[in-house]
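Asker: 3D model of this:
(one chain, ligands or ions: 1)
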Amino acid sequence: MTKIAVIGSGTMGRGIAYIAALNGFTVALHDINKESLKNAEKYIYDEWAKSEQRGFITKDDMEKGESNLNFSSNMKECVEDADLVIEAVLEIMDVKIKVFKELDQLCPPHTILATNTSTMSPTEIGAQTSRSDKVIAMHFFNPVHKMKLIEVIKGLDTSEETVEYAKDIGKQMKKEIVEVNEFPGFITSRMNCLIGNEAMNMLMEGVASAEDIDKSIKLGLNHPMGPLELADIVGLDTRLRNMEYLHQTLGEKYRPCPLLTKYVKAGKLGVKTGSGFFYYKN
Ligand SMILES: NC(=O)c1ccc[n+]([C@@H]2O[C@H](COP(=O)([O-])OP(=O)(O)OC[C@H]3O[C@@H](n4cnc5c(N)ncnc54)[C@H](O)[C@@H]3O)[C@@H](O)[C@H]2O)c1
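Answerer: You can find the predicted model right below:
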């Protein structure tokens with residue numbers, strides 16, 4: 001049975017662990033923050049129970065998922081026998097590199113190391129390990145159990161075997177795959193960050209209310225969700241880091257909207273804190 005370790009149990013890590021365990025992989029979810037790990041455990045069990053009640057999964061699926069999934073704040077324990085590690089820690093290059101250096105030491109030689117970065121370079125991360133051919137980006141979407149796509153991003157040294165392996169694992173998780181040659185923001189974040197930032201600029205300029213900006217994009221352009229609501233779901237801190245990286249790498253048109261920076265400074269991070277561009281009951 002393929003063993004997957006997921007590093008980081010925040011918004012994305014918990015979702016990735018959820019679908020991996022449900023699709024028959026042995027999964028170890030790790031975080032340095034025990035509270036985040038506890039919240040992730042509650043989130044996953046609550047979501048499974050809801051899905052079972054609504055008939056999306058059976059009781060048997062749920063029980064198998066539960067028996068496939070472990071939680072631990074000890075990274076070594078989680079990764080020492082892993083076939084694949086998927087990293088979902090903060091979108092900060094130095095943090096990711098530190099994690100990958102540690103993984104390179106702790107994992108067996110065959111282990112594939114994947115990052116769930118939304119924007120950053122798997123080449124830069126892989127270069128800090130002794131196995132750049134086995135380093136790749138697997139970009140999942142939020143919420144992971146509902147979103148169908150994984151972008152698989154090949155770094156300069158990533159081998160074809162690693163690309164095929166990542167695509168195969170994604171398919172076993174019942175996702176659609178697109179293969180992308182590395183460039184900042186890949187396909188989706190490069191486009192989506194611009195749309196979200198323009199919506200924030202319009203809100204800041206007083207063009208319309210947050211509700212009406214989102215309503216226009218949904219009903220006028222047929223997007224399933226408004227860009228401000230989507231940014232709230234992503235997490236405004238995560239979105240700001242995405243914008244800062246794209247601004248650094250792709251230039252001026254990605255300069256983060258000052259309103260986004262202001263919300264993050266105020267601790268209004270979207271759904272996870274109960275308020276962002278909109279209010280939420282958590
Ligand atoms: N939020 C989204 O919608 C979304 C979508 C796709 C990809 N991503 C990407 O996924 C990654 C994670 O984003 P998120 O929104 O889940 O972030 P988050 O802030 O919700 O969670 C990050 C988690 O990582 C943990 N962490 C930090 N340093 C760690 C370390 N050294 N070892 C172990 N755990 C550590 C934190 O305690 C936290 O629980 C980022 O690279 C982000 O760009 C996010």
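Asker: going forward, measure contacts between C-alpha atoms and count neighbours the same way
Answerer: Will do.
Asker: And stretch 15-33, end to end?
Answerer: 17 Å (C-alpha to C-alpha, to the nearest Å).
Asker: Show residues contacting it.
Answerer: Stretch 15-33 is touched from outside by 1-9, 13-14, 37, 44, 61-62, 64-66, 68-75, 78-79, 140, 142-145, 172-173, with contacts defined as C-alpha atoms under 8 Å, 6 or more residues apart in numbering.
Asker: That one near the ligand at all?
Answerer: Yes: counting by C-alpha under 6 Å from any ligand atom, the ligand is contacted by stretch 15-33 at 31-33.
Asker: out of those residues, which is most surrounded?
Answerer: The most crowded member of those, judged by other C-alpha atoms under 10 Å, is D31 (23 neighbours).
Asker: And for the nearest residue to it once chain neighbours are set aside, the neighbour number?
Answerer: Excluding its sequence neighbours, the residue lying closest to D31 (C-alpha to C-alpha, 6 or more residues apart in numbering) is G8, at 4.7 Å. By other C-alpha under 10 Å, the residues close to G8 number 24.
Asker: any idea how far G8 lies from L37?
Answerer: Counting by C-alpha to C-alpha - G8 and L37 are separated by 8 Å.
Asker: same deal with E80?
Answerer: 19 Å.
Asker: Between the two, which is the more surrounded one?
Answerer: Using other C-alpha under 10 Å as the criterion, E80 and L37 rank with L37 on top: 22 against 15.
Asker: CA atoms of the strand or helix carrying the more buried one as PDB?
Answerer: Using DSSP states H and E, L37 sits in helix 34-53. Provided in PDB are the C-alpha atoms of helix 34-53 (Å, rounded to 0.1, in the frame of the first residue of the first chain):
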ATOM      1  CA  LYS A  34      -0.500  20.500  17.800                       C
ATOM      2  CA  GLU A  35      -3.600  22.700  17.800                       C
ATOM      3  CA  SER A  36      -3.600  22.800  14.000                       C
ATOM      4  CA  LEU A  37      -3.300  19.000  14.000                       C
ATOM      5  CA  LYS A  38      -6.300  18.700  16.500                       C
ATOM      6  CA  ASN A  39      -8.400  21.100  14.400                       C
ATOM      7  CA  ALA A  40      -7.500  19.200  11.300                       C
ATOM      8  CA  GLU A  41      -8.600  15.900  12.900                       C
ATOM      9  CA  LYS A  42     -12.000  17.400  13.900                       C
ATOM     10  CA  TYR A  43     -12.400  19.000  10.400                       C
ATOM     11  CA  ILE A  44     -11.700  15.700   8.600                       C
ATOM     12  CA  TYR A  45     -14.000  13.600  10.800                       C
ATOM     13  CA  ASP A  46     -16.800  16.200  10.600                       C
ATOM     14  CA  GLU A  47     -16.500  16.400   6.800                       C
ATOM     15  CA  TRP A  48     -16.600  12.600   6.400                       C
ATOM     16  CA  ALA A  49     -19.700  12.400   8.700                       C
ATOM     17  CA  LYS A  50     -21.400  15.100   6.600                       C
ATOM     18  CA  SER A  51     -20.500  13.400   3.300                       C
ATOM     19  CA  GLU A  52     -21.800  10.100   4.700                       C
ATOM     20  CA  GLN A  53     -25.100  11.600   5.800                       C
END
